[in-house]
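>>> Structure, please.
(chains A and B)
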2 protein chains.
Amino acid sequence: MNSFSVTILGSSSALPTSYRFPTSQVVRLNEQLFLVDCGEGTQIQLRKFHFKLGRINHIFISHLHGDHIFGLPGLISSLALYGKKGELHIYAHSDLQMMMEGMMKFMNEVPELTVKYHPLNFKRSSIVFEDKKLRVTSFPVKHRISCCGFLFQELPGDRHLNRQAIEKYNIPPSQRQNIKKGADWLLEDGTTVPNTAITLPSDAPRSYAFCTDTLFRKEIVPIVAGADLLYHEATFAADLEELARKTFHTTSIQAAEIARMAQVKKLVIGHFSSRYKDVVPLVEEARTIFPETYAANDGDCFDL
Amino acid sequence: MNSFSVTILGSSSALPTSYRFPTSQVVRLNEQLFLVDCGEGTQIQLRKFHFKLGRINHIFISHLHGDHIFGLPGLISSLALYGKKGELHIYAHSDLQMMMEGMMKFMNEVPELTVKYHPLNFKRSSIVFEDKKLRVTSFPVKHRISCCGFLFQELPGDRHLNRQAIEKYNIPPSQRQNIKKGADWLLEDGTTVPNTAITLPSDAPRSYAFCTDTLFRKEIVPIVAGADLLYHEATFAADLEELARKTFHTTSIQAAEIARMAQVKKLVIGHFSSRYKDVVPLVEEARTIFPETYAANDGDCFDL
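The predicted model follows:
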């Protein structure tokens, strides 16, 4: 099975604290690293948690508030200093390019790295990235400014060989790759052995949904439904629901409601207001609605 | 005596490491905090080392490479979020304003904070700040792009009362403030007691000099001469002198040469290349020339 995990690099809201950097996460699928948001200090956290910066080729940016983007200039500068070549893809609001091009004048080195900006669609769900193993879909959430969540869906892998059947029919190694991909097997007498008789189902594809910054928004339930892991912001505890509404954020209880309605397997809450020295009460509140709730802390790694 | 100190917030060169953030320092004179350079993560380090962000009203920026400025947007955003009002003064190359105004669009809140930019002179030494207690002078150093060092000079304080003389002449408390400022004392018989007979000298004014990023440059010696503390970059060890020259940086030995020629009291070296996991060898090299050499490490505080 592919290794698929999410590591929290930053879990604060707009004001970082001594313990929480601003928002950033690494989604890891085998050796590929995908960055989600890039608050100030992201490159420092990446080093601290032993990620190889050069493995990042795709960065997904939910929205253009500073606490989600101010780490980009430093990260890109460092990638260029390390001699990274080729293309770095950034999926974000179209205004980001203008901002970054102003700042990139202040880089130390002339980069051999090309940054490609891909504008997000804030009106409807859209596939923004797809390769053989993974699809990333953006979907609108509701914040003061245009903002997207992201759904990372593993694509179905090859079926597994049924070792006993393979031996029974004496299928040579050269043919096994086709069979994993779904081919039937033809016996010498002309009989067809259907693929399902010689293979076992592929691993169930997993999915990860990232939702911040946003109001409580039922519209996302069908999009994130059944996810193995949902990260949902919970900037405030339940008693500050009014403040959450006013600032276009979510409470712990509301995040848990989304998780319950979407029947996800696990909920991670984060983007905590700096007023909470201890976030255990927020997790406890959320667990009254959705027991499989966990707090995001910088450095935490969640395996899917 | 006023408390006067320098705290290292970041001591790496362009590439931060797990232990060293990019360049930034706090110069503290009593309750006033002056920031020198503002690499990525400066606001995080300020919190970690228990500085009150709101006390920063003046920021001095040596040059516009990313590792000296990429912390500014986050710091200013946070100051605005904290509700800081009034003026924040930034002394830097005139291009900084253009860059910052592009980025400040992405701040979370409309600030009641006005950022005032003061362009530096990269041709000659210039007083950039002065109040009753402190004068800050910029002076050109030699890097790939325009770059300044900064000299922080405490201004002479009041003289101290000579308690015995004060009692002898029975000088009332209401007159003592004038005497501290230099006034003589008139006896009833018309005789003048000179100020020096009733006071003791004020504390010797102290000074701190900050020099990074720069080639080895003898021209700075008279400017930093006699400083209580000199921070000088030492990006490389002595064996990489050629690389230092090529990249417009300084070696440990060269930094020590400057300290020796300028007869400063103490030298702190920093801005270490990320290749050095252990900087003790650089300090040891420098001590062969200038024994009072210390390494800058994030969080170190040097009292003057």
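
>>> What does A:Glu284 show for phi and psi?
Phi and psi for A:Glu284, reported as degrees, to the nearest 10, are phi -60, psi -40.

>>> do the strand or helix carrying A:Ile59 and chain B meet?
A:Ile59 belongs to strand A:56-60 when assigned by DSSP states H and E. No - using Cβ under 8 Å from any Cβ of the partner chain, strand A:56-60 never reaches chain B; the gap is at least 15.3 Å. All C-beta atoms are positioned from the backbone trio N, CA, C, and that covers glycine.

>>> Quick check: can you name the pairing partners of that strand and their directions?
Sheet pairing of strand A:56-60 (DSSP bridges) gives strand A:32-38 (parallel), strand A:86-92 (parallel).

>>> Could you report the neighbour count for A:Gln153?
18 (other Cβ atoms under 10 Å in any protein chain shown).

>>> Tell me where the stretch 101-250 of chain A has helices.
Per DSSP state H, counting those that start in this stretch, the stretch 101-250 of chain A carries helices over the ranges A:163-168, A:173-180, A:195-198, A:221-224, A:241-246.

>>> can I get the ones you listed in JSON lines with distance to B:Leu88, mean neighbour count and mean pLDDT?
Rendered in JSON lines, the data for the helices of the stretch 101-250 of chain A read as follows (distance: least, Cβ to Cβ, whole Å; neighbours: other Cβ atoms under 10 Å in any protein chain shown; pLDDT from 0 to 100):
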{"stretch": "helix A:163-168", "distance to B:Leu88": "69", "mean neighbour count": "13", "mean pLDDT": "91"}
{"stretch": "helix A:173-180", "distance to B:Leu88": "62", "mean neighbour count": "13", "mean pLDDT": "91"}
{"stretch": "helix A:195-198", "distance to B:Leu88": "68", "mean neighbour count": "16", "mean pLDDT": "92"}
{"stretch": "helix A:221-224", "distance to B:Leu88": "41", "mean neighbour count": "18", "mean pLDDT": "97"}
{"stretch": "helix A:241-246", "distance to B:Leu88": "27", "mean neighbour count": "15", "mean pLDDT": "96"}
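
>>> can you tell which of those helices is closest to chain B?
For chain B, the closest of these is helix A:241-246, at 13.0 Å, according to Cβ to the nearest Cβ.

>>> For the closest one, enumerate the helices and strands it packs against.
Contacts defined by 3 or more Cβ pairs under 8 Å, 6 or more residues apart in numbering or on different chains; DSSP states H and E place helix A:241-246 against helix A:252-262.

>>> can you give me the offset of whichever helix or strand comes after the helix it packs on from its chain's centre?
Downstream of helix A:252-262, the first helix or strand assigned by DSSP H and E is strand A:267-270. Here strand A:267-270 is found 13 Å from its chain centre; the criterion is Cα atoms, centre = their mean, to the nearest Å.

>>> For A:Phe152, which of the helices of the stretch 101-250 of chain A is the nearest?
helix A:221-224 (10.8 Å; Cβ to Cβ).

>>> re the thing from before, a markdown table please, covering the helices of the stretch 101-250 of chain A and showing distance to A:Ser24.
Formatted as a markdown table, the helices of the stretch 101-250 of chain A follow (distance: least, Cβ to Cβ, whole Å):
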| stretch | distance to A:Ser24 |
| --- | --- |
| helix A:163-168 | 43 |
| helix A:173-180 | 36 |
| helix A:195-198 | 43 |
| helix A:221-224 | 20 |
| helix A:241-246 | 22 |
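
>>> who in the stretch 51-200 of chain A is up against chain B?
So the stretch 51-200 of chain A meets chain B at A:64-67, A:69-71, A:73-74, A:77-78, A:81-82, A:95, A:98-99, A:102-103, A:105-108 (Cβ under 8 Å from any Cβ).

>>> Which ones among the residues you listed lie within strands?
When those are checked against strands using DSSP state E, none is located there.

>>> Among those residues, name the ones in helices.
Counting by DSSP state H, the part of these found in helices is A:66-67, A:69, A:73-74, A:77-78, A:81, A:95, A:98-99, A:102-103.

>>> Name only those of those residues that count as buried.
Buried residues within these, defined by neighbour count using 16 or more other Cβ atoms under 10 Å in any protein chain shown: A:Gly66, A:Asp67, A:Ile69, A:Pro73, A:Gly74, A:Ser77, A:Ser78, A:Leu81, A:Met99, A:Gly102, A:Met103.

>>> Could you measure from the fifth one over to A:Ile61?
By that I understand A:Gly74. Distance from A:Gly74 to A:Ile61, counting by Cβ to Cβ, to the nearest Å: 15 Å.

>>> With A:Ala165 instead?
Distance from A:Ala165 to A:Ile61, by Cβ to Cβ: 48 Å.

>>> what do you get for A:Ile223?
18 Å.

>>> list the helices and strands the lowest-mean-pLDDT helix or strand in chain A packs on?
Among the helical and strand segments of chain A, the one scoring lowest on mean pLDDT, DSSP states H and E is helix A:95-103, with a mean of 84. Judged by 3+ Cβ pairs under 8 Å, 6+ apart, helix A:95-103 is in contact with helix A:72-81, strand A:113-119, helix B:95-103.

>>> what angle do the strand holding A:Ile59 and strand A:113-119 make?
Relative orientation of strand A:56-60 versus strand A:113-119 (axes from the mean of the first three to the mean of the last three Cα atoms, to 10 degrees): 30 degrees.

>>> Would you reformat the strands paired with strand A:56-60 as JSON lines and include mean pLDDT?
Shown next, in JSON lines, are those (pLDDT from 0 to 100):
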{"stretch": "strand A:32-38", "mean pLDDT": "97"}
{"stretch": "strand A:86-92", "mean pLDDT": "96"}
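
>>> would a markdown table of the ones you listed with mean neighbour count be doable?
Shown next, in a markdown table, are those (neighbours: other Cβ atoms under 10 Å in any protein chain shown):
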| stretch | mean neighbour count |
| --- | --- |
| strand A:32-38 | 24 |
| strand A:86-92 | 18 |
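
>>> a markdown table for those strands, including distance to B:Glu233?
Formatted as a markdown table, those follow (distance: least, Cβ to Cβ, whole Å):
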| stretch | distance to B:Glu233 |
| --- | --- |
| strand A:32-38 | 28 |
| strand A:86-92 | 30 |
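
>>> Figure out which of these is closest to B:Ser24.
Minimum separation from B:Ser24 across those (Cβ to Cβ) falls at strand A:32-38, 19.8 Å.

>>> right, is the helix or strand that the closest one is followed by up against chain B?
Per DSSP H and E, strand A:32-38 leads on to helix A:42-48 as the next helix or strand towards the C-terminus. Yes - judged by Cβ under 8 Å from any Cβ, helix A:42-48 and chain B are in contact via A:Gln43, A:Ile44, A:Arg47, A:Lys48.
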